[in-house]
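Student: below are the sequence and a predicted model; questions follow.
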Amino acid sequence: MSSTNRKYKVFVTRRIPQPGLDMLEERFDVTVNPHNRVLTRDELIDGVKTADGLLSLLTDDISAEVMDANPHLRVVSNYAVGYNNIDVAAATQRGIMVTNTPGVLTDATADLAWALLMAVSRRVVEGDAYTRAGRFEGWDPMLLLGTDIAGKTLGIVGMGRIGQAVARRARGFDMRILYYDQAPVPAAEEYKAEFVSLDDLLRESDFVTIHAPLTDETRHMIGSQELRLMKKTAYLINTARGPLVDEDALVEALREGSIAGAGLDVYEDEPKLAPGLAELPNTILLPHLGSATLEARTKMATMAAANLIAGLEGNRPPNLVNPEVL
């Protein structure tokens, strides 16, 4: 190992699985946020001031102001697939490489979408609470009736890697699969998925699961108007990004019975919930667990570390978001 590499300093905004930290600590001078919480803006800026490389989380707002705290900042490695928390244009203007961790959490997130879909439609959480409360007195033909999944219509909003993984699982339930994306996705043919408009998907689906990226165009893509298109017996699942859904409109739709229920892993203003959401009985609310398996989170850590190492050592990072910076 050359002594040249020792000069590089890396700031990690929150503790990640140890294998990723081990990779960094073998090469660089690494500082990790000592607090088990999101850093304040000032704390983040202080950490960046002495860093050549930054390993950030989706919860960190990496703005131009943060980047300007250190003119020597060379790489921002995001511990996430998405990178809407980073001002990529500002990074490119400053010659800073931005990287992410795509692919690694595909199956974990698809599994969780299915877990939410099945749990909310079969009232699993309600049943667990009912039993633990000592209310179960024996089999009852009308107790906590849910909804069939097999043979129903599944609408997938966003047919990328995760959307395709969800579709692959749906084949085992003999479901009709509809999907909406910016354009037809050839790979979707493998799952006999039908490309339709968003409005048609919402009208025809028994389950709607969101797997679209968050952009200016997709923000609030599911609002009051879209929710009114859905069947009253339909369920909405969101494991993508909270702001894709107008949460206030969703609360109103759930409260009024415009749709049957919702399973959410992400929220519009995390970690805050829209007023009234937590009180609704027809929801399952998870604390952003999409990639929360030991295997997925560890692989994310090693990928983020590998991206950072490559960038600082003068190589092209494996998952470079802004190749034009080179």
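Tutor: On my side now, so go ahead. Residues are numbered from 1 along each chain as shown.
Student: okay, now residue 222: neighbour count?
Tutor: 25 (other C-beta atoms under 10 Å). Glycine gets a C-beta too; all of them are placed from N, C-alpha and C.
Student: now do the phi/psi pair for it.
Tutor: Main-chain torsions, residue 222, degrees, to the nearest 10: phi -110, psi 100.
Student: roughly how far apart are it and residue 232?
Tutor: 16 Å (C-beta to C-beta, to the nearest Å).
Student: next: residue 201.
Tutor: Relative to residue 232, and taking C-beta to C-beta, residue 201 is found at 16 Å.
Student: could you do residue 49 as well?
Tutor: 55 Å.
Student: more neighbours: which of the two?
Tutor: residue 49 (14 against 10).
Student: dump the residue contacts of the more buried one.
Tutor: 69, 70 (C-beta atoms under 8 Å, 6 or more residues apart in numbering).
Student: please redo it, this time with the cut-off set to 10 Å
Tutor: Taking C-beta atoms under 10 Å, 6 or more residues apart in numbering, we find residue 49 in contact with 9, 11, 66, 69, 70, 72, 73.
Student: the third one touches residue 40, doesn't it?
Tutor: No: because the distance of 11.6 Å does not satisfy C-beta atoms under 10 Å, residue 66 is recorded as not touching residue 40.
Student: show me which of those two is the more surrounded one.
Tutor: More crowded of residue 66 and residue 40, by other C-beta under 10 Å: residue 66, with 23 against 10.
Student: backbone dihedrals for that one, please?
Tutor: Given degrees, to the nearest 10, the pair of backbone angles that residue 66 has is phi -60, psi -40.
Student: for residue 321, same thing?
Tutor: Residue 321 adopts backbone torsions of phi -80, psi -40, taken as degrees, to the nearest 10.
Student: now the residue nearest the centre of the chain: closest residue in space that isn't a chain neighbour?
Tutor: By C-alpha atoms, centre = their mean, the chain has its centre lying nearest to residue 240, at 4.1 Å. Nearest non-adjacent residue to residue 240, counting by C-beta to C-beta, 6 or more residues apart in numbering: residue 210, 4.8 Å away.
Student: what's the burial count for that neighbour?
Tutor: Neighbours around residue 210, by other C-beta under 10 Å: 25.
Student: now do the one 4 residues further on
Tutor: Residue 214 sits with 17 neighbouring residues when counted by other C-beta under 10 Å.
Student: quick one, phi/psi of the closest residue in space to residue 116 that isn't next to it in sequence?
Tutor: Distances taken as C-beta to C-beta, 6+ apart put residue 263 closest to residue 116, at 3.1 Å, once the chain neighbours are dropped. Dihedral angles of residue 263 (phi, psi; degrees, to the nearest 10) stand at phi -120, psi 120.
Student: so for residue 263, what's the pLDDT?
Tutor: pLDDT, residue 263: 98.
Student: and if you look at the one 4 residues further on?
Tutor: In this prediction, residue 267 carries a pLDDT score of 98.
Student: can you tell me which residues contact it?
Tutor: Residue 267 neighbours (C-beta under 10 Å, 6+ apart): 238, 241-243, 245, 247, 273-274, 277, 285-288.
Student: where do the helices sit along the stretch 151-300 of the chain?
Tutor: Secondary structure of the stretch 151-300 of the chain (DSSP state H, counting those that start in this stretch): helices located at 161-170, 198-204, 224-229, 247-256, 294-312.
Student: one more: the stretch 1-150 of the chain?
Tutor: Under DSSP H, counting those that start in this stretch, the stretch 1-150 of the chain gives helices at 18-25, 41-48, 64-67, 88-93, 106-121, 124-132.
Student: those helices: which one's closest to residue 169?
Tutor: helix 106-121 (5.6 Å; C-beta to C-beta).
Student: which elements pack onto the closest one?
Tutor: helix 124-132, helix 161-170, strand 207-210, strand 235-238, strand 261-264, strand 283-285, helix 294-312 (3 or more C-beta pairs under 10 Å, 6 or more residues apart in numbering; DSSP states H and E).
Student: thank you, goodbye.
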